[in-house]
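In: I would like the atomic coordinates for the input below:
(2 chains)
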There are 2 protein chains.
Amino acid sequence: MAFNKTFLLHSRPSAEAPAGPHNFRLVEEPIPEPAEGEILVRHRWLSLDPYMRGRMNDAKSYAQPQKLGAPMIGGTVGEVVASKLEGFSPGDLVLGMGGWRLYSLASRATVRKLDPRALPEEAWLGPAGMPGVTAWVGLNTIVKPKAGETVVVTAATGAVGTVAGQLAKRMGARVVGVAGGSEKCRYATETLGFDACVDHRAGDFAQQFKAATPDGVDGVFENVGGLPLELSLARANPFGRIAICGLVASGYDGTPAAVTNFAAVLAMRLLVKGFIVGDDMSLWPKAYADLVPLIASGELKWARSMAQGLEAAPEAFFDMLKGKNFGKQLVKLV
Amino acid sequence: MAFNKTFLLHSRPSAEAPAGPHNFRLVEEPIPEPAEGEILVRHRWLSLDPYMRGRMNDAKSYAQPQKLGAPMIGGTVGEVVASKLEGFSPGDLVLGMGGWRLYSLASRATVRKLDPRALPEEAWLGPAGMPGVTAWVGLNTIVKPKAGETVVVTAATGAVGTVAGQLAKRMGARVVGVAGGSEKCRYATETLGFDACVDHRAGDFAQQFKAATPDGVDGVFENVGGLPLELSLARANPFGRIAICGLVASGYDGTPAAVTNFAAVLAMRLLVKGFIVGDDMSLWPKAYADLVPLIASGELKWARSMAQGLEAAPEAFFDMLKGKNFGKQLVKLV
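Out: This next block holds a predicted model:
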């Protein structure tokens, strides 16, 4: 008899014991049977995303904290293996929020059937999924780049940053990426087509940032926080727009991410807006309509980092938070 | 022969010599004669406003720094004493940017004739002037309070805060002021009609702030920065709006005003927007249309602090920056 495997959130990070794989527990249970109106999905891909780190804390945030003892949430692409839901048959490819596990039950409200010929199946968790739509929403509703403006994208080679930078470029902006390491920066400029990319690990990062933004900064797609955000504020032009999509570099582990150059918000009359992609679901179809053809045609490039097997998920997750990934971080489950 | 008196900006503040009256120099010159197309205005009122402090620095900001050796800028209400400009006659009351001086020359582009019967003449420098329009713009374009929401107004009894809080109240919000001292707080609740006012000098300010915002904070009209802003961020509800109008408490003297609770911008998807009232002049007529009748009818309360004589301007200015004023800070020149 085959068993299901699931990672539960077992404990919360604390000042004494920072977040790590010890916060999760792997449990095995019998594979469940679908009830009437349900399907059983065998996951093929699990998405690992920075927002999951926030869910581990018991803090006031945009989402309810993950309950202790409950399966870690996560986006999944999987194959229907049993169906008691009209319109779904074994073999169908579906997108859902199956979580950090091998199998899950789903209903019509919680899955979307995918066209397996449209895109590589894992793309629905990356550029054609939540990260890609996040990039689209932040750019189109907050940053709104105009031709000739300078847009900074941090975590430039991450799942969101790759798409955000390429979309800004298509809108006519000069795009400056910030990434960790020369290999990522080379990828940003040579493959993704960014105009410049600055390595935040370089000793002269601040000087390089300044040199890469000779006309100042008009828009920021901020995934990181910390020093890159400070530099964007210091270089901001009047009426700049800063989309706060993530503050990965700071804050999750209890250390408040103070912003030193906040006075620029007044001096330059900046717009600073935090957002998450789920705030307005009405935007998703419009984002898909833009993104899917660009991904299918290869015009929009993307990269993935792949861990193999569910057991590899915790380590891959924390490596991603440290910036060790390259593009979309996935776990291949089959 | 009568002489004109003018305060020039003589030196800039520095870390070694913080801003003070020593930065100004009073000079006397002959009263100028109007050329063709000009009027000579004898100032009756000079407005003192926090933005002037920013102009003293030689820093990248929304305005060009004040030039050394040039007259300090400032809004004035005065009386035409000589005219070579059609449509203006001696005795006319005019609003302009005459600066820290007794007399100035003006042209059609730089003055507006006032109806002396509509309002007390100094109101055109306060609730019916730049501070009042500032309040109107921040509330109507950024904070946009909805009925039942909680709106925090800092520097609550200042020239801008008094108007911002009363307008928010008229829009149906629960208004919580922050002011320095129990007398100001009493004025905010008893005269201005705020629902609550918290004294930021109180030892238990943070606890009082929390108690005064039992349903969290939906909107902020921020004139001060520092601890009150941190508390608003900590209490912010999802999709809160924060208008950054001033950061008087912090930053002007070179000490960066770090914002510790910045992560709330993401967690609560806040909108933070810096603005100055001159960014969109098309809003002024709409603001006047709302404000002037409310001031004329007495529905909108306001207060003024008045210094007597031009020589009193520097001390009154720095006292205002320390919060010693009550309502609109003016210098009566005649």
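
In: In terms of pLDDT, where does the nearest residue to A:Lys5 once chain neighbours are set aside sit?
Out: Nearest residue to A:Lys5, sequence neighbours excluded (Cβ to Cβ, 6 or more residues apart in numbering or on different chains): A:Leu102, at 5.1 Å. All C-beta atoms are positioned from the backbone trio N, CA, C, and that covers glycine. If you check A:Leu102, the pLDDT there is 98.

In: Repeat that for A:Ala63.
Out: For A:Ala63, pLDDT reads 66.

In: thinking the residue nearest to A:Lys5 is in contact with A:Leu26, fair?
Out: No: counting by Cβ atoms under 8 Å, A:Leu102 does not reach A:Leu26; the two are 10.7 Å apart.

In: between these two, what contacts are shared?
Out: A:Lys5, A:Thr6, A:Leu310 (Cβ atoms under 8 Å, 6 or more residues apart in numbering or on different chains).

In: The residue nearest to A:Lys5 and chain B, how far apart?
Out: To chain B, A:Leu102 is 32 Å away according to Cβ to the nearest Cβ, to the nearest Å.

In: do the same with A:Val292
Out: From A:Val292 to chain B the distance is 26 Å (Cβ to the nearest Cβ).

In: backbone phi and psi for that residue, please?
Out: The phi/psi pair for A:Val292 (degrees, to the nearest 10) reads phi -60, psi -50.

In: Could you check which of A:Leu102 and A:Leu26 is surrounded by more residues?
Out: A count of neighbours by other Cβ atoms under 10 Å in any protein chain shown puts A:Leu102 above the other of A:Leu102 and A:Leu26, at 24 against 16.

In: residues in contact with that one?
Out: A:Asn4, A:Lys5, A:Thr6, A:Arg42, A:His43, A:Leu310, A:Leu333.

In: If you drop the residues flanking it in sequence, what lies closest to the residue positioned nearest the centre of chain A?
Out: What sits nearest the mean C-alpha location of chain A, by Cα atoms, centre = their mean, is A:Pro131, with 4.3 Å. Nearest residue to A:Pro131 in three dimensions, chain neighbours excluded: A:Ala159, at 3.6 Å (Cβ to Cβ, 6+ apart).

In: same question, A:Ile244
Out: Using Cβ to Cβ, 6+ apart, the closest residue to A:Ile244 is A:Gly274 (4.3 Å).

In: How many neighbouring residues does that neighbour have?
Out: For A:Gly274, using other Cβ under 10 Å, the count is 29.

In: these two touch, right, it and A:Leu247?
Out: No: counting by Cβ under 8 Å, A:Gly274 does not reach A:Leu247; the two are 9.1 Å apart.

In: any shared contact partners between those two?
Out: B:Leu266.

In: Need phi/psi at A:Met171.
Out: According to degrees, to the nearest 10, A:Met171 has phi -90, psi 0.

In: show me what contacts it?
Out: Taking Cβ under 8 Å, 6+ apart, one finds A:Leu139, A:Pro145, A:Lys146, A:Ala147 in contact with A:Met171.

In: Would you check that the first one makes contact with A:Gln166?
Out: No: if you go by Cβ under 8 Å, A:Leu139 and A:Gln166 don't touch, sitting 10.0 Å apart.

In: Now A:Leu26: which helix or strand?
Out: Per DSSP states H and E, A:Leu26 falls inside strand A:24-30.

In: Contacts for that strand next, please.
Out: Outside strand A:24-30, the residues touching it (Cβ under 8 Å, 6+ apart) are A:1, A:3-10, A:72, A:100, A:310-311, A:314.

In: Quick one: name whatever helix or strand follows that strand.
Out: strand A:38-47.

In: mean confidence for that next one?
Out: 98.

In: same deal with stretch A:274-283?
Out: 93.

In: Checking A:Ala168 next. Helix, strand or coil?
Out: State at A:Ala168, reduced to three classes by DSSP: H, G, I helix; E, B strand; the rest coil: helix.

In: Spell out which residues of the stretch 201-334 of chain A are next to chain B.
Out: The stretch 201-334 of chain A has residues A:225, A:238-239, A:244-247, A:250-251, A:256-276, A:279 near chain B, with proximity defined as Cβ under 8 Å from any Cβ of the partner chain.

In: Let's see that with 7 Å instead.
Out: Within the stretch 201-334 of chain A, the residues that sit near chain B (Cβ under 7 Å from any Cβ of the partner chain) are A:238, A:244, A:247, A:251, A:256-263, A:265-276, A:279.

In: re the thing from before, quick one, phi psi at the residue nearest to A:Lys5?
Out: The phi/psi pair for A:Leu102 (degrees, to the nearest 10) is phi -90, psi -40.

In: Perfect, I'm done here.
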